[in-house]
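# What follows is a predicted protein model with its sequence.
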Amino acid sequence: MLSPNCMLVKTASEISLKSHFVRKYFMDKLVSNMKSVFRANGVAGSRIVKKGGRLYLYPEKIKNLDEIHSLLPLVFGIHSFAKAESVHGTNTKKILEKGIEACKGFLEEGDSFAVRPRVVDNKELTNQELAEKLGSEIMKEFPGLKVNLTKPDKEVNVEIRGRDVFIYLEEIEGPKGLPLGVEGNVAMLFTGKKDDLIAAFLMMRRGCNIFPVVEKESKEIEKEVEKLVRWNSYRSFLFTPLQKLRQLVEKPDINVQALVSGEIKLSEDLKRIGAELPIFRPLIFYPKELFEEKKAMIYGD
């Protein structure tokens, strides 16, 4: 049985395409956002190690792994994550033994499986050798299994990075996108329509901090916007009346770079504002079939 003692996080693939300087900035922002989410939920204290497109989280207490696991789907910039068992300084025999032990209670007779290896900075094993040796040992240990490298029922993942080994079985998809805040600040116009929340969510997913702008003070609108707080690294929002938009834009410490609207067609007021500030309308070509999916994510259904 797998004995997880850390969390392995794969960052969004788009981050790895950046230059070294930009990638470092994005990774630092991602770690900062994760820590903010953890603090807001009382699970601060995790040690986070950054290595080659991966983040390795070592919680202060092992019992915190479940809560961390439930919070990571709220952090933009994460491609996927998994509870992992981390072992240091093992030889090939020990790696195979750990791999077999992890599969107990996971692989069942009739299952098809595949070993997914990833070996970095290790001269003792290659990806192919690890897959062949562990796959062979699994077939001996668990009768009635079938190998299927294309579409297996279950996957056994083993990553070796230098002298560190990480074994994980069930990988969860993250929200992807870019880390919140890496693309600067935008003013988001809220009119009370639910589509506004989707537009805001999409901009946040692209790395933008949003500053809500409302035509007039409305408790109902503010209550709706609060549904985005958990996606905002659990930070509250600063609301600005539309008539004070200019003051918001002129604040040097905020540096608003654009206005975002959930409207498909621009109103005359927006056209006037657009003469001074770029306007983004993320829903213009957004597929209608994805609206319900995003609503479910926002509302937590």
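Received the coordinates, thanks. Numbers count the residues shown, from 1 in each chain.

# make it CA atoms for all contacts and neighbour counts henceforth
OK.

# all helices of the stretch 151-300 of the chain, in order?
194-205, 219-225, 245-249, 268-274, 291-299 (DSSP state H, counting those that start in this stretch).

# ok, now which ones touch Val120?
Residues in contact with Val120, defined by CA atoms under 8 Å, 6 or more residues apart in numbering, are Glu159, Ile160, Arg161, Gly162.

# Also Thr90?
Thr90 sits next to Arg163, Asp164, Val165 when contact means CA under 8 Å, 6+ apart.

# Strands of this structure, residue ranges please.
Applying DSSP state E to the chain gives strands spanning 6-11, 47-51, 54-58, 78-88, 112-120, 146-147, 154-161, 164-168, 172-176, 185-190, 209-214, 240-241, 256-261, 279-280.

# The longest one pairs with which strands?
Strand pairing for strand 78-88, determined by DSSP bridges: strand 6-11 (antiparallel), strand 164-168 (antiparallel), strand 172-176 (antiparallel).

# What of the third one?
Based on DSSP bridges, the strands next to strand 54-58 in the sheet, each with its direction, are strand 6-11 (antiparallel), strand 47-51 (antiparallel).

# Need the mean per-residue confidence for that strand.
The average of the pLDDT scores along strand 54-58 is 95.

# show me the residues around Ile279 that make contact.
By CA under 8 Å, 6+ apart, the residues touching Ile279 are Ala258, Leu259, Val260, Ser261.

# Please tabulate those in a markdown table, including the columns distance to Ile100.
Formatted as a markdown table, the entries for those read as follows, by distance: CA to CA, whole Å:
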| residue | distance to Ile100 |
| --- | --- |
| Ala258 | 54 |
| Leu259 | 54 |
| Val260 | 52 |
| Ser261 | 53 |
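
# most surrounded residue in the residues you listed?
Ranked by the number of neighbours (other CA atoms under 10 Å), the contacts of Ile279 place Val260 first, at 26 neighbours.

# can you tell me how far the residue lying closest to Asp196 once chain neighbours are set aside sits from Leu228?
Excluding the flanking residues, the one nearest Asp196 by CA to CA, 6 or more residues apart in numbering is Gly262, at 4.7 Å. The gap separating Gly262 from Leu228 is 15 Å, by CA to CA, to the nearest Å.

# Of the strands paired with strand 78-88, flag the one that's most buried.
strand 6-11 (a mean of 24; mean count of other CA atoms under 10 Å).

# ok, and what's touching that strand?
Applying CA under 8 Å, 6+ apart, the set of residues contacting strand 6-11 from outside is 53-59, 62, 65, 69, 77-86, 176.

# Can you list the low-confidence ranges for the chain?
264, 266-275, 301 (pLDDT under 70).

# Find the centremost residue of it, please.
Ile78 (2.3 Å; CA atoms, centre = their mean).

# List the buried residues in the longest helix anywhere in the chain.
Looking across the chain with DSSP state H, the single longest helix is helix 20-40. Residues Arg23, Phe26, Met27, Lys29, Leu30, Val31, Asn33, Met34, Lys35, Ser36, Val37, Phe38 are the ones in helix 20-40 that count as buried (16 or more other CA atoms under 10 Å).

# list the contacts for the closest residue to Leu74 other than its chain neighbours?
Nearest-residue entry for Leu74: Trp231, 5.6 Å, with adjacent residues in sequence omitted and distances by CA to CA, 6+ apart. By CA under 8 Å, 6+ apart, the residues touching Trp231 are Leu74, Val75, Phe76, Phe201, Met204.

# If any of the contacts of Val120 are buried, give me the ChimeraX selection for them.
Buried residues within the contacts of Val120, by 16+ other CA under 10 Å, are selected in ChimeraX with:
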select :159,160,161
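
# got a markdown table for the contacts of Val120, with distance to Phe285 too?
Shown next, in a markdown table, are the contacts of Val120 (distance: CA to CA, whole Å):
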| residue | distance to Phe285 |
| --- | --- |
| Glu159 | 39 |
| Ile160 | 42 |
| Arg161 | 42 |
| Gly162 | 45 |
